[in-house]
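A.B. asks: one predicted model, sequence on top.
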Amino acid sequence: MKLIFTIIFSSLCLFCKAQTIQLEISGIKNNKGQLLIGVYTNQDNYAKKEPIIWKSIPKEKVLNGCLEAELKGLNKNVYGIALMDDEDSNWKMNFTFFIPSEGFAFSNYYSTGIREPKFDDFKFEMNQKLVQKVSFKMRYI
(Lines give C-alpha, C1' and ligand atoms only; values in the text may rest on other atoms or scores of the structure.)
Protein backbone atom coordinates (compact mmCIF):
# COMPACT_ATOMS: atom_id res chain seq x y z
CA MET A 1 0.00 0.00 0.00
CA LYS A 2 2.83 2.41 0.86
CA LEU A 3 4.46 1.68 -2.49
CA ILE A 4 1.27 2.55 -4.40
CA PHE A 5 0.86 5.77 -2.39
CA THR A 6 4.50 6.72 -3.05
CA ILE A 7 4.16 6.12 -6.80
CA ILE A 8 0.92 8.14 -7.04
CA PHE A 9 2.29 11.01 -4.92
CA SER A 10 5.54 11.10 -6.94
CA SER A 11 3.59 11.20 -10.19
CA LEU A 12 1.43 14.08 -8.98
CA CYS A 13 4.49 16.05 -7.87
CA LEU A 14 5.80 16.01 -11.44
CA PHE A 15 2.87 18.26 -12.35
CA CYS A 16 3.33 20.50 -9.29
CA LYS A 17 6.91 21.53 -9.94
CA ALA A 18 7.53 25.18 -10.50
CA GLN A 19 8.70 25.97 -13.98
CA THR A 20 11.13 28.42 -15.54
CA ILE A 21 10.62 30.75 -18.48
CA GLN A 22 13.76 31.46 -20.47
CA LEU A 23 13.49 34.94 -22.01
CA GLU A 24 15.29 35.43 -25.33
CA ILE A 25 15.34 39.16 -26.04
CA SER A 26 16.66 40.65 -29.31
CA GLY A 27 16.82 44.11 -30.85
CA ILE A 28 18.02 45.91 -27.72
CA LYS A 29 19.36 49.31 -28.77
CA ASN A 30 22.07 49.79 -26.11
CA ASN A 31 23.24 48.63 -22.68
CA LYS A 32 22.11 51.73 -20.74
CA GLY A 33 19.58 51.32 -17.95
CA GLN A 34 17.53 48.22 -17.31
CA LEU A 35 14.79 46.04 -18.75
CA LEU A 36 11.53 46.02 -16.79
CA ILE A 37 9.43 42.89 -17.04
CA GLY A 38 5.77 42.55 -16.08
CA VAL A 39 4.13 39.13 -16.01
CA TYR A 40 0.34 39.07 -16.42
CA THR A 41 -2.28 36.31 -16.28
CA ASN A 42 -5.30 38.01 -17.87
CA GLN A 43 -6.57 41.12 -19.64
CA ASP A 44 -7.81 42.66 -16.40
CA ASN A 45 -4.46 42.78 -14.59
CA TYR A 46 -2.74 43.80 -17.85
CA ALA A 47 -5.19 46.69 -18.43
CA LYS A 48 -4.71 47.86 -14.84
CA LYS A 49 -0.90 47.49 -15.16
CA GLU A 50 -0.87 45.20 -12.12
CA PRO A 51 1.55 42.38 -12.95
CA ILE A 52 1.74 39.30 -10.76
CA ILE A 53 5.54 39.53 -11.11
CA TRP A 54 7.53 42.74 -11.62
CA LYS A 55 11.23 42.32 -12.29
CA SER A 56 14.19 44.46 -13.30
CA ILE A 57 17.05 43.04 -15.36
CA PRO A 58 20.30 45.00 -15.73
CA LYS A 59 21.49 45.41 -19.32
CA GLU A 60 25.24 45.07 -18.70
CA LYS A 61 25.31 41.66 -20.39
CA VAL A 62 23.66 42.79 -23.63
CA LEU A 63 25.73 41.42 -26.53
CA ASN A 64 24.97 42.38 -30.14
CA GLY A 65 21.53 43.63 -29.08
CA CYS A 66 20.59 40.32 -27.41
CA LEU A 67 20.10 39.24 -23.82
CA GLU A 68 18.87 36.08 -22.11
CA ALA A 69 17.23 36.01 -18.69
CA GLU A 70 15.06 33.67 -16.63
CA LEU A 71 11.87 33.88 -14.63
CA LYS A 72 11.70 31.04 -12.10
CA GLY A 73 9.03 29.61 -9.86
CA LEU A 74 6.04 29.82 -12.20
CA ASN A 75 3.24 27.26 -12.23
CA LYS A 76 1.42 25.87 -15.23
CA ASN A 77 -0.91 28.69 -16.32
CA VAL A 78 -1.59 31.20 -19.09
CA TYR A 79 0.83 34.15 -19.01
CA GLY A 80 1.62 37.25 -21.01
CA ILE A 81 4.86 39.14 -20.54
CA ALA A 82 5.39 42.83 -21.31
CA LEU A 83 8.91 44.19 -21.41
CA MET A 84 10.16 47.78 -21.40
CA ASP A 85 13.64 49.16 -22.08
CA ASP A 86 14.00 51.63 -19.21
CA GLU A 87 17.08 53.38 -20.62
CA ASP A 88 17.16 56.11 -17.96
CA SER A 89 16.31 53.77 -15.03
CA ASN A 90 13.36 55.88 -13.87
CA TRP A 91 11.04 52.82 -13.59
CA LYS A 92 8.48 54.17 -16.07
CA MET A 93 7.90 54.49 -19.81
CA ASN A 94 8.83 57.89 -21.22
CA PHE A 95 6.64 59.45 -23.92
CA THR A 96 7.06 62.19 -26.49
CA PHE A 97 3.70 63.48 -27.76
CA PHE A 98 1.95 60.29 -26.51
CA ILE A 99 4.44 58.06 -28.37
CA PRO A 100 6.79 55.81 -26.34
CA SER A 101 10.37 57.09 -26.48
CA GLU A 102 11.78 53.89 -24.98
CA GLY A 103 11.68 50.38 -26.40
CA PHE A 104 9.08 47.74 -25.61
CA ALA A 105 8.30 44.13 -26.45
CA PHE A 106 5.74 41.43 -25.74
CA SER A 107 6.01 37.66 -25.36
CA ASN A 108 6.10 35.91 -28.76
CA TYR A 109 4.50 38.97 -30.39
CA TYR A 110 5.97 41.85 -32.40
CA SER A 111 3.92 45.03 -32.21
CA THR A 112 3.80 46.75 -35.62
CA GLY A 113 1.07 49.27 -35.01
CA ILE A 114 0.64 52.20 -32.68
CA ARG A 115 -2.12 50.69 -30.55
CA GLU A 116 -1.24 48.80 -27.42
CA PRO A 117 -1.87 45.06 -27.88
CA LYS A 118 -4.51 43.16 -25.95
CA PHE A 119 -3.50 40.37 -23.56
CA ASP A 120 -4.77 37.77 -26.05
CA ASP A 121 -2.22 39.03 -28.61
CA PHE A 122 0.80 38.02 -26.53
CA LYS A 123 -0.42 35.36 -24.11
CA PHE A 124 1.03 31.86 -24.05
CA GLU A 125 0.37 28.73 -22.09
CA MET A 126 3.02 27.36 -19.77
CA ASN A 127 3.20 23.69 -20.74
CA GLN A 128 4.63 20.64 -18.99
CA LYS A 129 8.25 21.53 -19.79
CA LEU A 130 10.31 22.56 -16.79
CA VAL A 131 11.96 25.26 -18.94
CA GLN A 132 10.00 27.09 -21.64
CA LYS A 133 11.56 29.57 -24.09
CA VAL A 134 9.75 32.80 -24.90
CA SER A 135 11.02 35.24 -27.55
CA PHE A 136 10.92 39.03 -27.55
CA LYS A 137 11.88 41.49 -30.28
CA MET A 138 12.30 45.06 -29.01
CA ARG A 139 10.52 47.84 -30.84
CA TYR A 140 11.60 51.49 -30.74
CA ILE A 141 9.45 54.18 -32.32
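C.D. replies: Received, thanks.
A.B. asks: all helices of the chain, in order?
C.D. replies: Secondary structure of the chain by DSSP state H: the helices cover 2-16, 43-47, 119-122.
A.B. asks: which stretches in this structure count as strands?
C.D. replies: With strands called from DSSP state E, the chain shows them at 19-26, 34-40, 53-58, 67-74, 78-86, 95-96, 99-100, 104-106, 123-125, 131-137.
A.B. asks: and the second one, how far out from the chain middle?
C.D. replies: Meaning strand 34-40. Offset of strand 34-40 from its chain centre (C-alpha atoms, centre = their mean, to the nearest Å): 6 Å.
A.B. asks: could you do the third one as well?
C.D. replies: Relative to the centre of its chain, strand 53-58 is centred 9 Å away, using C-alpha atoms, centre = their mean.
A.B. asks: shaky segments in the protein?
C.D. replies: For the chain, the stretches with pLDDT under 70 are 1-17.
A.B. asks: residues contacting the residue nearest to the spatial centre of the chain?
C.D. replies: In the chain, the residue lying closest to the centroid (C-alpha atoms, centre = their mean) is Ile81, at 3.4 Å. Residues near Ile81 by C-beta atoms under 8 Å, 6 or more residues apart in numbering: Ile21, Leu23, Ile37, Gly38, Val39, Tyr40, Leu71, Phe106, Ser107, Phe122, Val134, Phe136. The C-beta positions use only the backbone N, C-alpha and C, and glycine is treated the same way.
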